[in-house]
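> Sequence and predicted model, in that order:
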Amino acid sequence: MPRPRKCRKVCSLPRTPEFAPVNNQGSEKPAVIMTVDEYEAIRLIDKQGFSQEECGEYMHISRTSIQQIYTVARKKLADALVDGLTLKIEGGDYQLCDGKESYCACGGCRKHRRLRQQESEEKSS
């Protein structure tokens, strides 16, 4: 029996959950569905500059799981861009961060890093 899937920690949902090509009017092609946890892996690694190991810590999963999630997410992005398909971000196994934990996986996002840095500066003064 396989291990149960771990819930992935996500800082926030995407602001724009759907992207479509301009010339997509009336297209019957199916949309590419990217899960929220795949979106989060792309956001952390490509936008925030996290390593796969840091991303895994942030999302409370192993580096190898992040590598698999990231590979699938990049494939989906490539399919949408190259084939001119709509990209929808929805679903997946994730838990939104409430930001109330003293140290959570969100310790890596810019918002929480700033707060931790301010707290450590206050303690050292």
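All right, it came through fine. Note that the coordinates shown come from a computational prediction; the quantities given were computed from them, not determined experimentally.
> contacts and neighbour counts: CA atoms only from here.
Will do.
> check contacts around the residue nearest in space to the middle of the chain.
Nearest to the geometric centre of the chain sits E40, at 0.3 Å (C-alpha atoms, centre = their mean). Contact analysis of E40 by C-alpha atoms under 8 Å, 6 or more residues apart in numbering lists V10.
> Pull out the buried positions in the helix or strand containing it.
According to DSSP states H and E, E40 maps onto helix 36-42. Applying a neighbour-count criterion of 16 or more other C-alpha atoms under 10 Å, one finds 36-42 buried in helix 36-42.
> and which of those residues is nearest I69?
Comparing the buried residues of helix 36-42 against I69 with C-alpha to C-alpha places E38 closest, at 5.7 Å.
> thought the closest one was touching A73?
Yes: with contact defined as C-alpha atoms under 8 Å, E38 counts as touching A73 (5.3 Å).
> The lengthiest helix in the chain: which residues count as buried?
Criterion DSSP state H: the longest helix present in the chain is helix 63-83. Under the neighbour-count criterion of 16+ other C-alpha under 10 Å, helix 63-83 has 63, 66-67, 69-70, 73-74, 76-77, 79-80 buried.
> which two from those residues end up farthest apart in space?
Across these, the longest distance by C-alpha to C-alpha is 25.6 Å; it joins R63 and A80.
> okay, stretch 74-84 in CSV with CA atoms only?
C-alpha atoms of stretch 74-84 as CSV (Å, rounded to 0.1, in the frame of the first residue of the first chain):
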residue,chain,number,x,y,z
ARG,A,74,7.4,23.0,-16.0
LYS,A,75,6.1,20.4,-18.5
LYS,A,76,2.5,21.8,-18.1
LEU,A,77,3.8,25.4,-18.6
ALA,A,78,5.7,24.4,-21.7
ASP,A,79,2.6,22.6,-23.1
ALA,A,80,0.4,25.7,-22.5
LEU,A,81,3.0,28.1,-24.0
VAL,A,82,4.1,26.1,-27.0
ASP,A,83,0.6,24.7,-28.0
GLY,A,84,-1.3,27.9,-27.2
